[in-house]
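Coordinates for the following, if possible.
(2 chains)
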2 protein chains.
Amino acid sequence: MPRLPQVVIIGGGFGGLAAARRLARVPCEVTIVDRHNHHVFQPLLYQVATAGLSPGDIASPIRWILRKQDRLRVLLATVTGIDSAARLVKLDGHDPVPYDYLIVGAGVTHSYFGRDEWSQVAPGLKTLDDALAVRRRLLLAFEEAELERDPARQRFLLTFVIVGGGPTGVELAGALAEIARQALRSEFDAVDPASARIILIEGGPSIMPTFPEGLRASARRALRRLGVEVREGAPVTEIDPGAVTVAGERLEAHTILWAAGVAASPIARDLGPGLDRAGRVIVEADLSVPGHPGVFVVGDLACFTHQTGQPLPGVAQVAKQMGRHASANVARLVAGGKTTPFRYFDPGNMATIGRASAIADFGFLRVSGYLGWLLWLFVHILFLIGFRNRTSVLLQWATAYLTYQRSVRLITRTPGA
Amino acid sequence: MPRLPQVVIIGGGFGGLAAARRLARVPCEVTIVDRHNHHVFQPLLYQVATAGLSPGDIASPIRWILRKQDRLRVLLATVTGIDSAARLVKLDGHDPVPYDYLIVGAGVTHSYFGRDEWSQVAPGLKTLDDALAVRRRLLLAFEEAELERDPARQRFLLTFVIVGGGPTGVELAGALAEIARQALRSEFDAVDPASARIILIEGGPSIMPTFPEGLRASARRALRRLGVEVREGAPVTEIDPGAVTVAGERLEAHTILWAAGVAASPIARDLGPGLDRAGRVIVEADLSVPGHPGVFVVGDLACFTHQTGQPLPGVAQVAKQMGRHASANVARLVAGGKTTPFRYFDPGNMATIGRASAIADFGFLRVSGYLGWLLWLFVHILFLIGFRNRTSVLLQWATAYLTYQRSVRLITRTPGA
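Numbering: from 1, shown residues only, chains lettered A, B, ... in the order given. Got it, this is the predicted structure:
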């Protein structure tokens, strides 16, 4: 039997997983490499950060997800670079992996617009570890306020600033307002958690810029009902420990969270020279990379402008469809055929704002409020990976909805330890 | 209205929580201090370590558990000492808390018999953080083996030694054998997880020394059926990174876990001079501490010998009953009465060995195997704190039982980060 083509996939996110699955029907051997052992359902990461869900509810081991697929191996390793002349993926501390075809879905990380020192003060939300660190900060702020005697410092401890008014920022602000106003309401003695001040800052003209204005207005109203201060057109010029300077004003806040910019994985540099300003790889219409034969880039790391003239947004649906298409193109090449161009089918766009309120945009249909929230719930449960998770998440949401409680308010890692 | 008596409780474990609840009916103000924000259902900690349950399934915020109780505050702080002359509990970084009555349930920590350097190599299992660290080590061992080419080193990576044959060690060994033989069986490519070698070492003459010999034999048989090597009467004389020396033999193992000794919380030193060899406080028959008026000690930290001549075991039931009794004695003193001696009612003793096997000793009734396991399941679900947890745990156990899967095999904290 002739040697099967070797396909390597970098990244076990939405793009990488979709690519791996599509290859089940292709005569090739697949290696998927990720530096985490688990796939994360990123749209719900903010729920882990705000103690609504457990890490296990939104993440599953990549090995387990792909356990039924033959001719596939999963490696837990960090990719240090791509040598596309030698067709090798270089790993940290292990032998490089040769490939005939390579699908890169390495994603993006936080970008602090060149101010990397802000990352210590204002953590972002990309991984499970990030989410647990944010959860820890939020819950500890309330605990420290309870121990504090000075009212001015109590107010400082209960001031939360979220920088960035995209879906992550809006969903974080809504969930945080709910925790403060409802879940923690009657559990503290020296402070009133409901007095917490939550400020959402957007540097651009509007929060939720990818949504139509009608739905943006709904989102603004829903946030204000929850007591979130929304500041738009207010760029952040400085972040120090304990303060954000925005439009000339210095806001003192114990907790500052970053939901603003993203930057491409540094692996993209090995796939140049065609990178965009954010460092993403500018791909051809078939998702291949010019000058790097056999390499395709999918998901947030790809800058694909062939459909609308603008890059496609960094959302799960884009990544999934790209992953499937890249593998389909590999299949065509393996069969001796030619690749076809990618076309994104947009199933819609949605975001939730606290309890029982959301906005959803399906182009032909735009809904907000309770109906939007039911739709959001349905879609998110539907796409959660793994049966157990779906049931467990539904159960926890039902309990949280009926009781106003947040079930997993656990601070792990001892303070100071 | 006269000032109410101030009762301070140190520790939100089984003893501290039971004490706090019993004080709901007593005219006093209660402060409960813990260095974690959550109570942990310790008998199931090994399930978090072996990826069967999520931290949120076995832990709840202390604030939330006690949210309905009036005249009670919860402080998240580390106790640095007790000044029983001034009747003050000293906190790290915060004002000391004055008390009229003090109930100390500060528990125990690992003891490495004076070889503290072993703690880096062979971590123990007392807190949620410990459990997550152990989970990480176990899962990473399999992942590293998958990336390894050298068969000798693969065998080394898949050798696990557990030191200590009490309930924690036995339950860990059983659960680990199950993961290797069943849950991971078909997910690896370069290694066979079922070939993992799991060795349980007990320095004393027998594993499970608090159980009668018939049940010990059942436990031994159940472990051997799961492929666990059981070595009894084999004291560990040395632990280095990657090796355990036991009875003169050097066993090379990548993963070494400690389930052997415990030592009293250092707070006990402020309640001397009456401490036993393990550093526990020797209490009077009414749980009070000689020479420290108004102070009671409960749970694992108390050395109570008035009932059998031997100290009561460090189990949840002893702690709960002591906590309730200490508070009842505080109530008697507040009402101007006298304290009464504590008597432990023993409801029985149980432990589980892997899937569908357990031993249970109720004195009048001794069971093992499947029936023991059903009993174990019933009792543990029954006593889990919080409705949500109970349902979620049951759901996950049912899934794990039917599918042989472990649902929360998540490695958090990036390797090397």
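
Isn't A:Phe211 up against A:Met350?
No - using CB atoms under 8 Å, A:Phe211 makes no contact with A:Met350, being 9.1 Å away. Heads up, the C-betas are built off the backbone N, CA and C, glycines and all.

Compare those two and say which one has the larger neighbour count.
Neighbour count, other CB atoms under 10 Å in any protein chain shown: between A:Phe211 and A:Met350, A:Phe211 has more, with 24 against 21.

got the contact list for that one?
Applying CB atoms under 8 Å, 6 or more residues apart in numbering or on different chains to A:Phe211 gives the contacts A:219, A:349, A:351, A:359, A:361.

and if we set it to 6 Å?
Residues in contact with A:Phe211 (CB atoms under 6 Å, 6 or more residues apart in numbering or on different chains) are A:Asp361.

just for the stretch 201-350 of chain A, where's the confidence low?
For the stretch 201-350 of chain A, no stretch has pLDDT under 70.

So is stretch A:70-80 next to chain B?
Yes - if you take CB under 6 Å from any CB of the partner chain as the test, stretch A:70-80 does meet chain B, through A:73, A:76.

ugh, wrong one, stretch A:95-109
No - Stretch A:95-109 does not reach chain B (CB under 6 Å from any CB); its nearest approach is 7.5 Å.

and chain A, what are its domains?
What automatic domain parsing lists as the domains of chain A is A:6-35+A:77-107+A:265-334, A:113-260.

closest one to B:Val40 among these?
For these, the distance to B:Val40 is smallest for domain A:113-260, at 15.9 Å, taking CB to CB.

Over to A:Ser327. Which of the three states is it?
helix (DSSP: H, G, I helix; E, B strand; the rest coil).

In contact with it: list those residues for me.
A:19, A:22-23.

quick revisit: reformat the domains of chain A as TSV; add distance to A:Val367.
Output for the domains of chain A, formatted as TSV (distance: least, CB to CB, whole Å):
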stretch	distance to A:Val367
domain A:6-35+A:77-107+A:265-334	18
domain A:113-260	8
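
if we can go back for a sec, between the contacts of A:Ser327, which sits nearest chain B?
Set against chain B, the nearest of the contacts of A:Ser327 by CB to the nearest CB is A:Leu23 (15.2 Å).

In a helix, that closest one, correct?
Yes - A:Leu23: assigned to a helix according to three-state DSSP.

need the contact list for it.
A:30, A:327.

Distance check, it against A:Val79.
Taking CB to CB, to the nearest Å as the measure, A:Leu23 and A:Val79 are separated by 19 Å.

for stretch A:283-293, which positions count as buried?
Residues A:283-284, A:286-289, A:292 are the ones in stretch A:283-293 that count as buried (16 or more other CB atoms under 10 Å in any protein chain shown).

Those: which ones sit near chain B?
Answer for these near chain B: none qualify (CB under 6 Å from any CB).

Tell me which of those fall in strands.
A:288-289, A:292 (DSSP state E).

Specify which member of those is nearest to A:Ala253.
Using CB to CB, these come closest to A:Ala253 at A:Val289, 42.4 Å.

what's the distance between the closest residue to that closest one other than its chain neighbours and chain B?
Spatial nearest neighbour of A:Val289, chain neighbours left out: A:Val295 (4.6 Å); criterion: CB to CB, 6 or more residues apart in numbering or on different chains. Computed with CB to the nearest CB, to the nearest Å, the distance linking A:Val295 and chain B is 23 Å.

what about the helices in chain A?
A:14-22, A:45-49, A:55-58, A:62-65, A:118-121, A:128-147, A:151-157, A:167-178, A:213-225, A:316-334, A:369-383, A:387-403 (DSSP state H).

Off-centre distance for the fifth one?
If I follow you right, that is helix A:118-121. How far helix A:118-121 lies from its chain's middle: 18 Å, per CA atoms, centre = their mean, to the nearest Å.

likewise the second one?
Once both centres are worked out by CA atoms, centre = their mean, helix A:45-49 turns out to sit 10 Å from its chain's centre.

and it, C-alpha only, in PDB?
Once side chains and other backbone atoms are set aside, the C-alpha atoms of helix A:45-49 remain, and they are given as PDB (Å, rounded to 0.1, in the frame of the first residue of the first chain):
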ATOM      1  CA  LEU A  45     -16.100  31.500  28.200                       C
ATOM      2  CA  TYR A  46     -17.500  34.600  29.800                       C
ATOM      3  CA  GLN A  47     -19.900  32.400  31.700                       C
ATOM      4  CA  VAL A  48     -17.000  30.500  33.300                       C
ATOM      5  CA  ALA A  49     -15.400  33.900  34.100                       C
END
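
can you list contacts of that helix?
Counting by CB under 6 Å, 6+ apart, A:53, A:55, A:125, A:131, A:134-135, A:171-172, A:175 sit against helix A:45-49.

Give the rounded mean pLDDT of it.
Mean pLDDT, helix A:45-49: 89.

Compute the distance between the residue nearest to A:Ala285 when sequence neighbours are not counted and A:Ala106, please.
Leaving aside its chain neighbours, A:Ala285 sits nearest to A:Pro341 (3.8 Å; criterion: CB to CB, 6+ apart). With distances taken as CB to CB, A:Pro341 is found 23 Å from A:Ala106.

out of these two, which sits in the more crowded spot?
Per other CB under 10 Å, whichever of A:Pro341 and A:Ala106 has more neighbours is A:Ala106, with 27 against 12.

follow-up on the earlier one: residue contacts, the residue nearest to A:Val289?
A:Val295 touches A:84, A:102, A:289, counting by CB under 6 Å, 6+ apart.

The same query, at a cut-off of 10 Å, please.
A:8, A:82, A:84, A:87, A:99, A:101-104, A:270-271, A:281, A:283, A:287-289, A:326 (CB atoms under 10 Å, 6 or more residues apart in numbering or on different chains).

For B:Asp276, which of the domains of chain A is the nearest?
Nearest to B:Asp276, of the domains of chain A and by CB to CB, is domain A:113-260 at 33.6 Å.

Return the residues of the stretch 201-350 of chain A in contact with chain B.
Contact residues, the stretch 201-350 of chain A versus chain B (CB under 10 Å from any CB of the partner chain): none.

any chance you could read off phi and psi for the residue of the stretch 201-350 of chain A found nearest chain B?
Closest residue of the stretch 201-350 of chain A to chain B, CB to the nearest CB: A:Ser265 (13.8 Å). Backbone torsions of A:Ser265, given as degrees, to the nearest 10, read phi -60, psi 140.
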